[in-house]
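>>> Provided below for reference: sequence and predicted model.
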Amino acid sequence: MSLTLISGCSGFDVKRLDIFTKEVERMPLNLDAPTPEKMEEVKFIIITEENYEKVFEELRKNNTDPVLFGLTDDGYETLALNFAKTRKYIILNKNVLEKYKEYYEAPKDVDGK
């Protein structure tokens, strides 16, 4: 026994698809820029071979534990470079956020577009 099926599309109504012809309205991002953090003041004390006794004496007199964390001049330079890189990264991301906001929340033209 043999079964033959024939199928056609003549009975179907084919409609044109409107893909990419209608502009989709951009939804506002509603993103606020993060508020800057208030940083605490950091006091640096420069200790040399000539002044270390005086520095420790002042720390004891002010009831501050005479424990210090030190950096070499090269280490301090590296720390400063790392802060500069962090600042650059934050500025770049702030600019990206502003560009997204411009794109999504740009004012419409006088034609309403």
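It's in.

>>> where does the residue most central in space within the chain land on pLDDT?
By C-alpha atoms, centre = their mean, the mean C-alpha position of the chain lies nearest to Asn93, the distance being 3.8 Å. Looking at Asn93, its pLDDT stands at 91.

>>> cool, and Leu29?
76.

>>> any idea of the pLDDT on the residue lying closest to it once chain neighbours are set aside?
The shortest distance from Leu29 to any non-neighbouring residue, by C-beta to C-beta, 6 or more residues apart in numbering, is to Tyr104 (4.8 Å). C-betas here are computed from N, CA, C, even on glycine. Tyr104 carries a pLDDT value of 80.

>>> For whichever strand or helix holds Tyr104, list every residue counted as buried.
Using DSSP states H and E, Tyr104 falls within helix 73-105. With burial defined by 16 or more other C-beta atoms under 10 Å, the residues of helix 73-105 counted as buried are Lys101.

>>> Please compute how far that helix lies from its chain's middle.
Distance of helix 73-105 from the chain centroid (C-alpha atoms, centre = their mean, to the nearest Å) equals 8 Å.

>>> Repeat that for stretch 49-64.
The chain centroid and the centroid of stretch 49-64 are separated by 41 Å under C-alpha atoms, centre = their mean.

>>> what sits up against it?
Here stretch 49-64 makes contact (C-beta atoms under 8 Å, 6 or more residues apart in numbering) with 45, 47, 65-66.

>>> any idea which of these is closest to Tyr100?
The shortest gap between Tyr100 and any of the contacts of stretch 49-64 belongs to Ile45, at 43.8 Å (C-beta to C-beta).

>>> what about the closest one, how many residues close to it?
The tally of other residues near Ile45 (other C-beta atoms under 10 Å) stands at 10.

>>> Contacts only, for it.
55, 68.

>>> and it, what pLDDT?
At Ile45, the model reports a pLDDT of 88.

>>> okay, among the contacts of stretch 49-64, which ones form the most distant pair?
Ile47 and Asp65 (14.9 Å).
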